[in-house]
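Participant: have a look; sequence and predicted model below, questions after that.
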Amino acid sequence: MLPSDAALSLLWPPGCEQAFHYHDSTDLINDLNLRLLIRRLSYNPSYERFVRDLLLTLVTDEQIIHYRQAILADLLSNEALVLHLQVVLETILDLERYLGAPQWVENPLRQVAWRLSELDNYVTCMVQFDEILQAASEQLQSDGLRRLRDMIHEIVQAESFIELQQSLPDLLPKIRAIRSITIGINLDEQLRPVSATLLDANIQPVTGSSILNRLLRREKTPEEGAGPLHNARDLNTGGAHFQVELEDRNSPFMPQLFKDLSELMEATSRPIAQALRRYTHINTRFLIALKDEIAFYLGAVKMIQSLQQAGLPMCAPEVAPMPSRIMHMTDLYNVNLALQLQNRQRPAGEVVVRNDAIFDDDIGRIYILTGPNQGGKTTYTQAVGLAYLLMQAGLHVPAVRATLSAVDGIYTHFATEERPEQEAGRLGEEARRLSRIFEQATRYSLVLLNESLASTAADESLFIAQDVVRVLRKLGARAVFATHLHNLAAECEQLNAQTEGDSRVVSIVSHVALEEGPDGQVVRRTYEIKPGPPVSRSYAVELAARYGISYEQLMDVLRQRQLLD
């Protein structure tokens, strides 16, 4: 039995439907810098839209995530299978172009040639696919690839497929070998054409002899005519649709000649065309439907292996039940940062800092993250969101070990520059975005806030932030709030006491190290993030000195310009 268009998917196990999808993903894509991850996950740029849509379709069904993880594990453990699938993917791409209607749909002979080529590609692809999956048969552990193996094998072993495969060697040469057609034309006394018949189909192109050869009465070969009439390639350049105009447009014979020829070819080609439609309409689409999915896994394998080769861990996370709302990640890092640092002199594994990230009943589910400027707060906040997107796409996450329960939505609120078109100003725009989050988020959601409410006075910002955190605790969501509001982090226990809820508020800090330098103590950012009380200093003075804008440095600039005594 031949499969229907949606007979099998490598992303969606039988009976499973798609999950939540973002209607407006602009903030999420921008705040998490998701375009970089999409680009690196894509097998080539043509698949970026598919990868983006897949990442933004948050799968919450554990069965679907496990289904994808198992397929990915099979590919990561079988290098030969990956290489062979790359070949099959190229064959499917060749097959895909036959879906488009050709410009010359009125030419039956070319239709037959087109359909025969489609069928040839289809058979080649199916045989390749079968050989590859049969060779890897004993190593396959995933239900998805085993199903695909059995389905492909059933098709190629079917009597109808074997019959089709055996008939191609006879059909293809007959069509592909035709290079010219011999037409006999009878003339009247005034040398006007009065009747014609199709004499033969030739395997060699017909050429016209020169006038000199005719005068010298040189013997013609069977493929040589008395002289050329038209050359469509000379008349039409660029590979366009060839249409040769007849000089004697008033002759009623010539249009009828080509009409008769067309009808003859149509009668000859009709049975073959019908046979092709019978086989290729279903099966071609079945293979093409797998194209994007195969490319998705190949892109994921490539990215995972490149990060591992750079000395960074990538692991298949354990999937915890959704109601548990837990996140345990050991040595988590920002995958985007790692991808940006690839191809540098030092391996990314030596540069990228890794941190633990834990949400659960005991430790808490709402992080108030404080620390110095450029201390890694934004990088950490993004890392959490990116890890969830990868996990719920069925992929590895950037950590040594991970246990995650799925989220039903990821909502981000990162600080943005004020724009002139914002009628309510920056604070008004921030308020709108926060309001939209709470119109959608549930206790199973992940909320990522980065320098939110920084556009107003510190006391006003603290007051609003306290309310936001209290509502998050009431809601029960998981959240990271990266902020300069040290007082907010200092009030975690007070917020827990004031507000009922099972998502505890916890203070975590981006740490620094104080080292002795030639001019005294130097602040070095370690980018290590750990639970603890907030540090009152933001080390803005040290940051200003790093960029040459401390009071003393700016005074030196003015003195050098002789503007000061």
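Facilitator: Sure thing, it's come through. Remember, predicted model here, so these are calculated numbers, not experimental data.

Participant: okay, CA-based contacts and neighbour counts for the rest of this
Facilitator: Noted.

Participant: quick one: contacts for the closest residue to Thr379 other than its chain neighbours?
Facilitator: Nearest non-adjacent residue to Thr379, counting by Cα to Cα, 6 or more residues apart in numbering: Asn334, 6.3 Å away. Asn334 sits next to Thr379, Tyr380, Gln382, Ala383, Val384, Leu386, Pro398 when contact means Cα atoms under 8 Å, 6 or more residues apart in numbering.

Participant: check what pLDDT the fourth one gets.
Facilitator: The per-residue pLDDT reported for Ala383 equals 97.

Participant: isn't it up against Tyr333?
Facilitator: Yes - at 6.0 Å, Ala383 counts as touching Tyr333 under the criterion of Cα atoms under 8 Å.

Participant: of these two, which one has the most company?
Facilitator: Higher neighbour count among Ala383 and Tyr333: Tyr333, with 29 against 22, using other Cα atoms under 10 Å.

Participant: how about the contacts made by the more buried one?
Facilitator: With Cα under 8 Å, 6+ apart, Tyr333 has these contacts: Val352, Val353, Arg354, Asn355, Tyr380, Ala383, Pro398, Ala399.

Participant: if we can go back for a sec, can you tell me which of the contacts of Asn334 has the most neighbours?
Facilitator: For the contacts of Asn334, the largest number of neighbours (other Cα under 10 Å) sits with Pro398, at 32 neighbours.

Participant: picking that back up, which ones among the contacts of Tyr333 map onto strands?
Facilitator: Among the contacts of Tyr333, the members falling in strands (DSSP state E) are Asn355.

Participant: for the contacts of Tyr333, which one is nearest Ile185?
Facilitator: Closest approach to Ile185 among the contacts of Tyr333 (Cα to Cα): Pro398, at 75.6 Å.

Participant: what residues does Glu493 make contact with?
Facilitator: Val505, Val506 are the contacts of Glu493 under Cα under 8 Å, 6+ apart.

Participant: report the buried residues of the host helix or strand of it.
Facilitator: According to DSSP states H and E, Glu493 maps onto helix 492-498. Neighbour counts using 16 or more other Cα atoms under 10 Å place Cys492, Leu495, Asn496 of helix 492-498 among the buried residues.

Participant: same thing with stretch 70-78?
Facilitator: Residues of stretch 70-78 classed as buried: Ala70, Ile71, Leu72, Ala73, Asp74, Leu75, Leu76 (neighbour count, 16+ other Cα under 10 Å).

Participant: I'd assumed Gln141 was in contact with the fifth one.
Facilitator: Yes - counting by Cα under 8 Å, Gln141 is a contact partner of Asp74 at 6.5 Å.

Participant: buried residues, the helix or strand harbouring Leu85. List them.
Facilitator: Element membership for Leu85, per DSSP H and E: helix 79-96. Judged by neighbour count using 16+ other Cα under 10 Å, the buried positions of helix 79-96 are Leu81, Val82, Leu85, Val88, Leu89, Thr91, Ile92, Leu95, Glu96.

Participant: now that we have those, can you turn them into JSON lines and tack on distance to Ala482 and pLDDT?
Facilitator: Shown next, in JSON lines, are the buried residues of helix 79-96 (distance: Cα to Cα, whole Å; pLDDT from 0 to 100):
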{"residue": "Leu81", "distance to Ala482": "43", "pLDDT": "95"}
{"residue": "Val82", "distance to Ala482": "41", "pLDDT": "96"}
{"residue": "Leu85", "distance to Ala482": "43", "pLDDT": "94"}
{"residue": "Val88", "distance to Ala482": "46", "pLDDT": "92"}
{"residue": "Leu89", "distance to Ala482": "43", "pLDDT": "92"}
{"residue": "Thr91", "distance to Ala482": "48", "pLDDT": "88"}
{"residue": "Ile92", "distance to Ala482": "46", "pLDDT": "89"}
{"residue": "Leu95", "distance to Ala482": "50", "pLDDT": "81"}
{"residue": "Glu96", "distance to Ala482": "47", "pLDDT": "81"}
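
Participant: possible to save these as CSV with distance to Trp114?
Facilitator: Shown next, in CSV, are the buried residues of helix 79-96 (distance: Cα to Cα, whole Å):
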residue, distance to Trp114
Leu81, 31
Val82, 30
Leu85, 25
Val88, 21
Leu89, 20
Thr91, 16
Ile92, 16
Leu95, 11
Glu96, 13
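
Participant: between these, which is nearest Ala513?
Facilitator: Nearest member of those to Ala513, counting by Cα to Cα, is Val82, at 45.2 Å.
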